[in-house]
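In: Starting from these lines, generate the structure:
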Amino acid sequence: MASVLTIRDLQVAVDEVPILRGVNLTIRQGEIHALMGPNGSGKSTLAYALVGHPRYEITGGSIEIDGTNINELDPCERARLGLFLAFQYPVTIPGVKVADFLRHAVTNIRNPNRKEGEGLIPMKDFRKELRSRMEELGMDTEFARRYLNEGFSGGEKKRMEILQLAMLQPKFAILDETDSGLDSDAVRVVSEGLQKLSGPQMGSLIITHHERLLEYNVPQFTHVMLAGKIVETGDAQLAHELHNHGYAQVRERHPNEAAEEELRLQKVPAAAE
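Out: Down below sits the predicted model:
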């Protein structure tokens with residue numbers, strides 16, 4: 001049976017400022033969802049709240065995986081249950097090699113009851129799997145010997161997250177504007193990588209302003225967020241219309257949320273997009 005991520009009436013505040021005002025969303029393994037909306041609408045807030053960022057306080061509603069409430073779980077526990085977040089701006093960790101980082105991450109996800117001091121997954125098995133995944137994604141194996149994101153281009157950072165996705169094999173992948181700041185060639189490479197990993201075992205929530213990432217990963221569901229709420233849901237055609245025409249018509253159809261959006265933009269913290 002496919003796993004289900006269920007978000008019910010989710011309300012979230014950042015630095016005591018309300019951002020999400022009752023988000024409802026259901027994602028099943030195998031489904032591709034796109035989440036679109038203007039700056040400040042709450043898209044990234046939803047992503048960080050789902051994975052348990054401590055700054056994002058859940059003030060109401062619930063997040064559930066297969067009926068289990070995860071509101072109080074820390075990010076590690078949520079990751080072990082199958083959540084993954086690809087950041088809009090991946091961090092750099094000098095001195096930590098990509099392969100070492102991935103080996104520790106994979107071990108902790110696959111062996112949640114591992115006690116401190118117990119060994120990592122066998123190096124021989126890990127190298128074989130890592131090499132296979134990198135070949136599948138068309139990545140040079142020398143990439144694994146570099147320090148995590150140090151000196152990486154924007155496209156390389158995003159490809160690194162696709163590699164993490166391939167190794168961790170989550171039930172639900174949340175991609176927070178993975179196409180942000182990338183040129184067309186880099187977007188294509190990342191899009192193709194995500195397409196190769198998509199399938200019945202992974203549900204995806206692709207947060208984006210653009211349509212480029214969705215050309216290779218066509219959403220069955222497109223959601224529009226405005227002023228901390230999902231105000232419309234459609235299919236891939238809705239994403240196409242938003243890309244071509246923007247959000248003016250959405251604001252006209254939802255005047256209350258549009259008015260709330262104007263007020264929010266004056267006081268919402270910059271990081272609460």
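In: Tell me, how many residues neighbour the nearest residue to Ser153 once chain neighbours are set aside?
Out: If you skip the residues right next to it in sequence, Ser153 has Ala186 as its closest partner in space, 7.7 Å away by Cβ to Cβ, 6 or more residues apart in numbering. (Glycine included, C-beta is placed from N, CA and C.) One way to gauge burial is a neighbour count; for Ala186, by other Cβ atoms under 10 Å, it gives 18.
In: now the helix or strand where Ala186 lies, how far from the centre of its chain.
Out: With secondary structure defined by DSSP states H and E, Ala186 is part of helix 184-197. Helix 184-197 has its C-alpha centroid displaced from the chain centroid by 15 Å (Cα atoms, centre = their mean, to the nearest Å).
In: tell me the average confidence for that helix?
Out: The average of the pLDDT scores along helix 184-197 is 84.
In: tell me which strands and helices it is in contact with?
Out: Other elements packing on helix 184-197 under the criterion 3 or more Cβ pairs under 8 Å, 6 or more residues apart in numbering; DSSP states H and E are helix 154-168.
In: what does the helix it packs on rub up against?
Out: With Cβ atoms under 8 Å, 6 or more residues apart in numbering as the contact definition, helix 154-168 has outside contacts at 79, 84, 86-87, 90, 98, 102, 105-106, 109, 129-130, 133-134, 136-137, 139, 143, 148-149, 152, 173, 178-179, 181-183, 185-186, 189-190, 193-194, 197.
In: Which of these fall within strands?
Out: In strands, judged by DSSP state E, the following of these are found: 84, 86, 148, 173.
In: and those, which are buried?
Out: A residue is treated as buried here by neighbour count (16 or more other Cβ atoms under 10 Å); on that basis the buried members of the ones in strands among the contacts of helix 154-168 are 84, 86, 148, 173.
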